[in-house]
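Engineer: Quick one, what's the 3D model for this:
(one chain, ligands or ions: 2)
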Amino acid sequence: MSKQLIIFDTTLRDGEQSPGASMTRDEKVRIAKALERMRVDVIEAGFPVASEGDFESVKAVADAIKDSTVCGLARALDKDIDRAGEALKGANSARIHTFIATSPIHMKMKLRMEPDAVVEQAVRAVKRARQFTDNVEFSPEDAGRSELDFLCRVLEAVIDAGATTVNIPDTVGYNLPHQFGGLIGRLMERVPNSDKAVFSVHCHNDLGMAVANSLAAVAQGARQVECTINGLGERAGNAALEEIVMAVSTRRDVFDCSVDHLDRTQIVPCSRLVSSITGFTVQPNKAIVGANAFAHESGIHQDGVLKSRETYEIMRAEDVGWSANRMVLGKHSGRNAFRTRLQELGVNFASEEELNAAFVRFKELADKKHEIFDDDLQALVTEASLEAENERVKLVALKVCSETGETPNALVTLKIDGAEKTATASGGGPVDAAFKAIESLVNSGAELQLYSVNNITSGTDSQGEVTVRLEQDGRIVNGQGADTDIVIASAKAYINTLNRVLAPVDRQHPQV
Ligand code: KIV
Ligand code: ZN
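Structural biologist: Residues are numbered from 1 along each chain as shown. Ligands and ions are numbered 1, 2, ... in the order given. Next up is the predicted model:
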């Protein structure tokens, strides 16, 4: 029997460090539940000391998740560890993940600490974390650029202090697969107590090597991989969970560990959920979860697949959940069917009023669109939480005029801090005109950096899911909106982003 590879998902923590990918507490709980349905082993829910909101999110995930271990990140500081311990109190199974940088450049320039002091602080942090849980992970940040002898010294000391997992991060995505695999092999060989801890890896994708580096490490004996859905994460992102899982399961001939404990049919629904919540769309040619991942264009390929699918397919689309997006509900579906399907998707309503409000939205959607798919339901729930978030600016009405040979025009009414205001503007197209009218009322001065429209399902009656990214004083903020009318979806997305721009931020970054 091969050993299980531990899948540690950090979408809610490192994934959220993607500029603009911040998620609300309820969105994090929805994603955590989707990960639990996939039977992911460990869910890193956030960095509790970062802000009150982060603390509450980790706490909510810890309280909601029963089967996966819930993990909180903490720098090697007493206050971080205590906060993480507090946030994780309600978890069935809790892990504290503490870290400190070990590369010469980070120790000298960022921490301004001598190596001996770094070892001492790491040991102290692990011992303190052990007072809250016997499941403690330690990471030497920037291990990919650390000196081997020093890394061995730190790892031996933290394992002695009680770390049960040691995670080797390639924080800046600098390594190549043969180097990184070699590093893991050497560490496992040279650290005298390496058999007392699980070796884990955490690779960033700056050179596009995150998945390859992680798999090279697994081939050398790493037994935990840290990854994110859709490869979300700081800068170019982390190793993509779907790629790690499907590589290990498809090439079971080369790996002596398995991921058979995971429900791989949850991969695509989970990818869609993360993309709908964060507004980070998945490129069509993305492995496993991209729209074209299983589409054969060439006639020769199609012919081959029809004769025998193995001619050109190494995995089956249905095994990763591509068929899961079936039509589930329609115009005549009742409240019970609606509630039950959402429960199956991990969405529970806090009250009957919430259920009723969502059901009204569902009926409105079903009037415009006859077949309602799981992705439509997820978008509906996302939409409701986005609207609840829009505290300062709300859309009251929008009318656009678009005609051949005429300049498009928009008339918009907003409620800003409780007062209704109306403006008109013209633009290059109806969306441009609507955005100009909205900005003329809000006067945010924020610069539009990205505008993208995606159809949630297929067909011309599909809902358009719009992502808007704005920049204000170096801060990047994303927002979303969905509607069967893409001009309205665009206005909703713009307004949601403006609300996020206007909201106060008090958040620390873990790695600064
Ligand atoms: O990339 C990194 O080094 C991290 C650590 C906190 C593990 O995210
Ligand atoms: Zn990271």
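Engineer: The residue of the chain most remote from its centre: what's it in contact with?
Structural biologist: What lies farthest from the middle of the chain is Gly405; by Cα atoms, centre = their mean that is 43.5 Å. By Cβ atoms under 8 Å, 6 or more residues apart in numbering, no residues touch Gly405. Placement of C-beta: from N, CA and C, glycine included.
Engineer: what do you get for the one 3 residues further on?
Structural biologist: Remark: with contacts taken as Cβ under 8 Å, 6+ apart, Pro408 is in contact with Val400, Cys401, Ser402, Ser426, Gly427, Gly428, Gly429, Pro430, Asp432, Ala433.
Engineer: and Leu441, what element?
Structural biologist: In the assignment (DSSP states H and E), Leu441 maps to helix 430-442.
Engineer: Which pLDDT value belongs to His296?
Structural biologist: We have a pLDDT of 69 for His296.
Engineer: My error: substitute Thr250 in the last question.
Structural biologist: pLDDT, Thr250: 98.
Engineer: doesn't Ile314 make contact with it?
Structural biologist: Yes: in this structure, Thr250 is within contact of Ile314 by Cβ atoms under 8 Å, at 5.7 Å.
Engineer: who has more neighbours, the two?
Structural biologist: Taking other Cβ atoms under 10 Å, Thr250 and Ile314 do not tie; Thr250 has more neighbours (14 against 9).
Engineer: need the residues of this structure near ligand 1, please.
Structural biologist: Asp14, Phe99, Ser139, Glu141, Pro169, Thr171, His202, His204, Pro510 (Cβ under 6 Å from any ligand atom).
Engineer: does the third one have beta-bridge partners, and which?
Structural biologist: In this case it means Ser139. Beta bridges link Ser139 to Phe99, judged by DSSP bridges.
Engineer: shift numbering so it begins at 45
Structural biologist: Will do, 45 is the new start, and the previous item becomes Ser183.
Engineer: and it, what does it touch?
Structural biologist: Ser183 sits next to His141, Thr142, Phe143, Val210, Asn211, Ile212, Pro213, His246 when contact means Cβ under 8 Å, 6+ apart.
Engineer: Let me know the secondary structure of the last one.
Structural biologist: Following DSSP: H, G, I helix; E, B strand; the rest coil, His246 is assigned to strand.
Engineer: residues contacting it?
Structural biologist: By Cβ under 8 Å, 6+ apart, the residues touching His246 are Thr54, Asp58, Ser183, Asn211, Ile212, Pro213, Asp214, Thr215, Glu270, Asn282.
Engineer: ditto for the fourth one
Structural biologist: By Cβ under 8 Å, 6+ apart, Val210 lies in contact with Glu181, Phe182, Ser183, Pro184, Leu199, Val202, Ile203, Ala241, Val242, Phe243, Ser244.
Engineer: name the element it belongs to?
Structural biologist: Going by DSSP H and E, Val210 is part of strand 209-214.
Engineer: Show me the two of the contacts of Val210 that sit farthest apart.
Structural biologist: Pairwise distances across the contacts of Val210 peak at 15.1 Å for Pro184 and Val242 (criterion: Cβ to Cβ).
Engineer: the more surrounded of these two?
Structural biologist: Pro184 (25 against 16).
Engineer: Give the next helix or strand downstream of the helix or strand bottoming out on mean pLDDT in the chain.
Structural biologist: Across the helices and strands of the chain, mean pLDDT, DSSP states H and E gives its lowest value to helix 343-351, namely a mean of 70. Next along the chain after helix 343-351, taking DSSP H and E as the criterion, comes strand 371-374.
Engineer: Identify the neighbouring strands of that following strand in the sheet and state each direction.
Structural biologist: By DSSP bridges, strand 371-374 pairs with strand 415-417 (antiparallel).
Engineer: what ranges do the strands span in the stretch 95-244 of the chain?
Structural biologist: 113-119, 138-145, 180-185, 209-214, 242-247 (DSSP state E, counting those that start in this stretch).
Engineer: Please produce JSON lines containing the ones you listed, extended by mean pLDDT.
Structural biologist: Listed next are the strands of the stretch 95-244 of the chain as JSON lines, based on pLDDT from 0 to 100:
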{"stretch": "strand 113-119", "mean pLDDT": "98"}
{"stretch": "strand 138-145", "mean pLDDT": "98"}
{"stretch": "strand 180-185", "mean pLDDT": "98"}
{"stretch": "strand 209-214", "mean pLDDT": "98"}
{"stretch": "strand 242-247", "mean pLDDT": "98"}
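Engineer: how about these, which one is nearest Thr457?
Structural biologist: Here strand 113-119 is closest among those (Cβ to Cβ), at 43.4 Å.
Engineer: name the helices or strands packed onto the closest one?
Structural biologist: On a contact count with 3 or more Cβ pairs under 8 Å, 6 or more residues apart in numbering; DSSP states H and E, strand 113-119 meets strand 86-90, helix 96-108, helix 122-131, strand 138-145, helix 159-174.
Engineer: so of the ones you listed, which one's packed in deepest?
Structural biologist: The highest mean neighbour count among the helices and strands packed on strand 113-119, using mean count of other Cβ atoms under 10 Å, belongs to strand 86-90: a mean of 29.
Engineer: Check Val425 and give its pLDDT.
Structural biologist: The model's pLDDT for Val425 equals 89.
Engineer: Setting the sequence-adjacent residues aside, check what's closest to it.
Structural biologist: Val391 (5.3 Å; Cβ to Cβ, 6 or more residues apart in numbering).
Engineer: ok, now Lys154?
Structural biologist: That would be Ala145: by Cβ to Cβ, 6+ apart, it lies 6.1 Å from Lys154.
Engineer: Helices of the stretch 145-294 of the chain, residue ranges please.
Structural biologist: Under the criterion DSSP state H, counting those that start in this stretch, the stretch 145-294 of the chain contains helices at 148-149, 159-174, 192-205, 221-234, 254-263, 285-294.
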